[in-house]
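Undergrad: turn this into a structure:
(chains A and B)
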Amino acid sequence: NAGVMQNPRHLVRRRGQEARLRCSPMKGHSHVYWYRQLPEEGLKFMVYLQKENIIDESGMPKERFSAEFPKEGPSILRIQQVVRGDSAAYFCASSPNPSAEAFFGQGTRLTVV
Amino acid sequence: GIQVEQSPPDLILQEGANSTLRCNFSDSVNNLQWFHQNPWGQLINLFYIPSGTKQNGRLSATTVATERYSLLYISSSQTTDSGVYFCAANYGGATNKLIFGTGTLLAVQP
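TA: A predicted model of the protein is given here:
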(Lines give C-alpha, C1' and ligand atoms only; values in the text may rest on other atoms or scores of the structure.)
Protein backbone atom coordinates (compact mmCIF):
# COMPACT_ATOMS: atom_id res chain seq x y z
CA ASN A 1 0.00 0.00 0.00
CA ALA A 2 1.76 3.09 -1.23
CA GLY A 3 1.92 6.05 1.08
CA VAL A 4 0.79 9.59 0.39
CA MET A 5 2.45 10.69 -2.84
CA GLN A 6 3.31 14.30 -3.52
CA ASN A 7 4.89 15.77 -6.60
CA PRO A 8 6.98 17.48 -7.48
CA ARG A 9 9.40 17.14 -4.56
CA HIS A 10 11.05 20.43 -5.43
CA LEU A 11 9.61 23.31 -7.42
CA VAL A 12 11.28 26.56 -8.41
CA ARG A 13 9.13 29.38 -9.71
CA ARG A 14 9.87 32.99 -10.60
CA ARG A 15 7.82 35.71 -8.97
CA GLY A 16 4.48 36.05 -10.72
CA GLN A 17 4.32 32.48 -12.04
CA GLU A 18 1.87 29.80 -10.99
CA ALA A 19 2.71 26.80 -8.82
CA ARG A 20 0.71 23.55 -8.91
CA LEU A 21 1.30 21.00 -6.20
CA ARG A 22 -0.18 17.52 -6.44
CA CYS A 23 -1.15 15.02 -3.77
CA SER A 24 -2.41 11.46 -4.18
CA PRO A 25 -3.78 10.14 -0.87
CA MET A 26 -3.23 6.66 0.43
CA LYS A 27 -5.52 4.02 -1.05
CA GLY A 28 -8.87 4.06 0.71
CA HIS A 29 -8.38 7.55 2.14
CA SER A 30 -10.92 10.15 1.08
CA HIS A 31 -9.89 12.94 3.47
CA VAL A 32 -7.05 15.22 2.41
CA TYR A 33 -5.37 18.02 4.34
CA TRP A 34 -2.78 20.55 3.17
CA TYR A 35 -0.29 22.10 5.58
CA ARG A 36 2.45 24.68 5.07
CA GLN A 37 5.78 24.79 6.87
CA LEU A 38 7.68 28.05 6.70
CA PRO A 39 11.43 27.93 7.38
CA GLU A 40 12.25 27.19 11.03
CA GLU A 41 8.57 26.87 11.93
CA GLY A 42 6.02 24.16 12.62
CA LEU A 43 3.30 23.06 10.26
CA LYS A 44 0.19 25.21 9.84
CA PHE A 45 -3.15 23.92 8.56
CA MET A 46 -4.33 25.34 5.25
CA VAL A 47 -7.29 23.41 3.88
CA TYR A 48 -9.31 20.21 4.37
CA LEU A 49 -11.01 18.49 1.44
CA GLN A 50 -13.08 15.43 0.78
CA LYS A 51 -13.77 14.18 -2.70
CA GLU A 52 -15.14 17.12 -4.72
CA ASN A 53 -15.75 19.21 -1.60
CA ILE A 54 -13.81 21.83 0.34
CA ILE A 55 -14.77 21.32 3.97
CA ASP A 56 -12.57 23.91 5.69
CA GLU A 57 -10.30 26.47 4.04
CA SER A 58 -9.86 28.68 7.09
CA GLY A 59 -6.07 28.43 6.92
CA MET A 60 -5.75 29.42 3.28
CA PRO A 61 -4.67 32.93 2.35
CA LYS A 62 -7.66 34.77 0.91
CA GLU A 63 -6.03 35.55 -2.41
CA ARG A 64 -3.98 33.59 -4.93
CA PHE A 65 -4.39 30.20 -3.20
CA SER A 66 -6.93 27.55 -4.17
CA ALA A 67 -7.34 23.81 -3.68
CA GLU A 68 -9.37 21.05 -5.23
CA PHE A 69 -9.85 17.32 -4.84
CA PRO A 70 -11.71 16.09 -7.94
CA LYS A 71 -13.66 12.87 -8.23
CA GLU A 72 -10.84 11.41 -10.29
CA GLY A 73 -7.19 12.22 -9.83
CA PRO A 74 -5.02 13.85 -7.19
CA SER A 75 -5.71 16.81 -4.97
CA ILE A 76 -4.19 20.03 -6.32
CA LEU A 77 -2.97 23.05 -4.38
CA ARG A 78 -2.64 25.99 -6.74
CA ILE A 79 -0.77 29.20 -5.99
CA GLN A 80 -1.15 31.98 -8.53
CA GLN A 81 1.28 34.87 -8.99
CA VAL A 82 3.74 33.50 -6.47
CA VAL A 83 5.75 35.85 -4.25
CA ARG A 84 8.94 35.21 -2.28
CA GLY A 85 6.93 34.80 0.92
CA ASP A 86 5.27 31.69 -0.58
CA SER A 87 8.60 29.85 -0.38
CA ALA A 88 7.96 26.99 2.02
CA ALA A 89 7.45 23.25 2.30
CA TYR A 90 3.89 22.20 1.51
CA PHE A 91 2.73 18.91 3.01
CA CYS A 92 -0.31 16.86 2.19
CA ALA A 93 -1.87 14.39 4.63
CA SER A 94 -4.64 11.85 4.22
CA SER A 95 -6.80 9.76 6.51
CA PRO A 96 -9.65 7.27 6.07
CA ASN A 97 -11.91 9.29 8.36
CA PRO A 98 -11.55 12.64 10.12
CA SER A 99 -10.52 11.39 13.57
CA ALA A 100 -8.19 8.62 12.37
CA GLU A 101 -4.43 8.75 12.16
CA ALA A 102 -3.21 11.10 9.44
CA PHE A 103 -0.30 10.14 7.20
CA PHE A 104 1.87 12.71 5.47
CA GLY A 105 3.56 12.84 2.11
CA GLN A 106 7.18 13.82 1.65
CA GLY A 107 6.25 17.39 0.89
CA THR A 108 6.87 19.79 -1.97
CA ARG A 109 9.56 22.37 -1.37
CA LEU A 110 8.62 25.53 -3.24
CA THR A 111 11.27 28.15 -3.87
CA VAL A 112 10.28 31.46 -5.40
CA VAL A 113 13.14 33.37 -7.02
CA GLY B 1 -7.24 29.89 21.35
CA ILE B 2 -6.25 26.27 21.02
CA GLN B 3 -2.57 25.76 21.78
CA VAL B 4 -0.03 22.97 21.65
CA GLU B 5 3.21 23.59 23.50
CA GLN B 6 6.32 21.45 23.43
CA SER B 7 9.35 21.35 25.67
CA PRO B 8 12.26 21.54 25.63
CA PRO B 9 12.69 23.55 22.41
CA ASP B 10 16.03 21.91 21.78
CA LEU B 11 18.07 19.10 23.21
CA ILE B 12 21.59 17.77 22.72
CA LEU B 13 22.33 14.18 23.74
CA GLN B 14 25.26 11.84 23.64
CA GLU B 15 24.61 8.61 21.83
CA GLY B 16 23.12 6.06 24.23
CA ALA B 17 21.40 8.59 26.49
CA ASN B 18 17.67 8.64 27.25
CA SER B 19 15.33 11.60 26.90
CA THR B 20 11.76 12.70 27.56
CA LEU B 21 9.92 15.19 25.37
CA ARG B 22 6.74 16.84 26.58
CA CYS B 23 3.64 18.10 24.80
CA ASN B 24 0.96 20.15 26.58
CA PHE B 25 -2.39 20.84 24.95
CA SER B 26 -5.00 23.34 25.97
CA ASP B 27 -8.26 21.40 25.57
CA SER B 28 -9.68 17.90 25.26
CA VAL B 29 -8.42 16.16 22.15
CA ASN B 30 -9.88 13.64 19.72
CA ASN B 31 -6.45 12.34 18.96
CA LEU B 32 -2.79 13.16 19.41
CA GLN B 33 0.06 12.22 17.12
CA TRP B 34 3.83 12.33 17.44
CA PHE B 35 6.02 12.81 14.37
CA HIS B 36 9.73 12.83 13.64
CA GLN B 37 10.90 15.19 10.94
CA ASN B 38 14.26 13.90 9.79
CA PRO B 39 17.06 16.12 8.48
CA TRP B 40 15.74 15.60 4.93
CA GLY B 41 12.41 17.11 5.93
CA GLN B 42 10.36 13.93 5.80
CA LEU B 43 7.58 13.60 8.41
CA ILE B 44 7.48 10.14 9.92
CA ASN B 45 4.57 8.92 12.01
CA LEU B 46 5.69 7.75 15.43
CA PHE B 47 2.52 7.35 17.49
CA TYR B 48 -1.20 7.87 17.25
CA ILE B 49 -2.05 8.11 20.94
CA PRO B 50 -5.17 9.96 22.16
CA SER B 51 -4.72 8.27 25.55
CA GLY B 52 -2.74 5.55 27.28
CA THR B 53 0.73 4.22 26.58
CA LYS B 54 2.28 2.70 23.46
CA GLN B 55 5.74 1.36 22.72
CA ASN B 56 7.61 0.84 19.48
CA GLY B 57 11.17 -0.36 19.89
CA ARG B 58 13.25 2.25 21.68
CA LEU B 59 10.42 4.76 21.59
CA SER B 60 7.36 4.93 23.77
CA ALA B 61 4.65 7.49 24.37
CA THR B 62 2.12 8.21 27.08
CA THR B 63 -0.87 10.54 26.86
CA VAL B 64 -2.75 11.57 29.98
CA ALA B 65 -5.82 13.11 28.40
CA THR B 66 -7.40 14.25 31.68
CA GLU B 67 -4.27 16.29 32.49
CA ARG B 68 -3.75 17.43 28.89
CA TYR B 69 -0.22 16.29 28.24
CA SER B 70 1.70 13.68 26.33
CA LEU B 71 5.26 12.42 26.76
CA LEU B 72 7.59 10.86 24.22
CA TYR B 73 10.41 8.72 25.59
CA ILE B 74 13.52 7.96 23.57
CA SER B 75 15.84 5.37 25.07
CA SER B 76 19.40 4.50 24.04
CA SER B 77 19.41 7.34 21.54
CA GLN B 78 21.20 6.97 18.20
CA THR B 79 22.48 9.59 15.78
CA THR B 80 19.65 8.66 13.41
CA ASP B 81 17.20 9.93 16.05
CA SER B 82 18.34 13.48 15.29
CA GLY B 83 15.77 15.85 13.85
CA VAL B 84 12.67 17.68 15.01
CA TYR B 85 9.95 15.97 17.01
CA PHE B 86 6.44 17.38 16.66
CA CYS B 87 3.30 16.59 18.53
CA ALA B 88 0.00 17.50 16.91
CA ALA B 89 -3.48 17.55 18.43
CA ASN B 90 -6.81 17.01 16.75
CA TYR B 91 -9.53 18.86 18.62
CA GLY B 92 -12.42 17.49 16.58
CA GLY B 93 -15.21 19.67 15.31
CA ALA B 94 -16.07 19.80 11.66
CA THR B 95 -12.49 19.82 10.48
CA ASN B 96 -10.44 17.52 12.67
CA LYS B 97 -7.37 19.39 11.56
CA LEU B 98 -4.10 18.86 13.39
CA ILE B 99 -2.69 21.71 15.46
CA PHE B 100 1.09 21.31 15.60
CA GLY B 101 3.40 22.26 18.41
CA THR B 102 6.57 24.21 17.69
CA GLY B 103 8.70 21.09 17.96
CA THR B 104 11.74 19.87 19.87
CA LEU B 105 15.00 19.95 17.94
CA LEU B 106 17.07 16.91 18.95
CA ALA B 107 20.73 16.48 18.13
CA VAL B 108 22.35 13.16 19.07
CA GLN B 109 26.13 13.29 19.03
CA PRO B 110 28.34 10.22 18.54
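Undergrad: spell out which residues of chain A are next to chain B.
TA: Taking Cβ under 8 Å from any Cβ of the partner chain as the contact definition, chain A meets chain B at A:33, A:35, A:41-45, A:48, A:55-56, A:58-59, A:89, A:91, A:93, A:98-104, A:106-107, A:109. C-betas here are computed from N, CA, C, even on glycine.
Undergrad: now with 7 Å?
TA: A:33, A:42-43, A:45, A:48, A:55-56, A:89, A:91, A:98-99, A:101-104, A:106-107 (Cβ under 7 Å from any Cβ of the partner chain).
Undergrad: mind checking which of those land in helices?
TA: Using DSSP state H, the subset of those located in helices is empty.
Undergrad: let me see the contact set for the residue nearest the centre of chain A.
TA: Of all residues in chain A, the one closest to the mean position by Cα atoms, centre = their mean is A:Trp34, 3.8 Å from it. Residues near A:Trp34 by Cβ atoms under 7 Å, 6 or more residues apart in numbering or on different chains: A:Met46, A:Val47, A:Ala67, A:Leu77, A:Tyr90, A:Cys92.
Undergrad: please report how far it lies from A:Gln50.
TA: 13 Å (Cβ to Cβ, to the nearest Å).
Undergrad: how close does the residue lying farthest from the centre of chain B get to A:Ser58?
TA: Centroid-distance maximum for chain B: B:Ala94 at 24.4 Å, with Cα atoms, centre = their mean. The gap separating B:Ala94 from A:Ser58 is 10 Å, by Cβ to Cβ.
Undergrad: SS state for A:Ala2?
TA: Put simply, A:Ala2 is coil when judged by DSSP: H, G, I helix; E, B strand; the rest coil.
Undergrad: what is the burial count for it?
TA: The number of residues packed near A:Ala2 is 8, by other Cβ atoms under 10 Å in any protein chain shown.
Undergrad: which residues touch it?
TA: Contacts of A:Ala2 (Cβ under 7 Å, 6+ apart): none.
Undergrad: any idea how far it is from chain B?
TA: As judged by Cβ to the nearest Cβ, to the nearest Å, A:Ala2 and chain B stand 15 Å apart.
Undergrad: and that residue, what's its pLDDT?
TA: With respect to pLDDT, A:Ala2 has a value of 73.
Undergrad: tell me how far it lies from B:Asn45.
TA: Relative to B:Asn45, and taking Cβ to Cβ, A:Ala2 is found at 15 Å.
Undergrad: any idea what B:Leu98 is bridged to?
TA: B:Asn90 (DSSP bridges).
Undergrad: and the helix-or-strand element of chain A with minimal mean pLDDT, what's buried?
TA: Here the helix or strand of chain A ranked lowest by mean pLDDT, DSSP states H and E is strand A:53-56, holding a mean of 93. Buried residues in strand A:53-56, defined by neighbour count with 16 or more other Cβ atoms under 10 Å in any protein chain shown: A:Ile55, A:Asp56.
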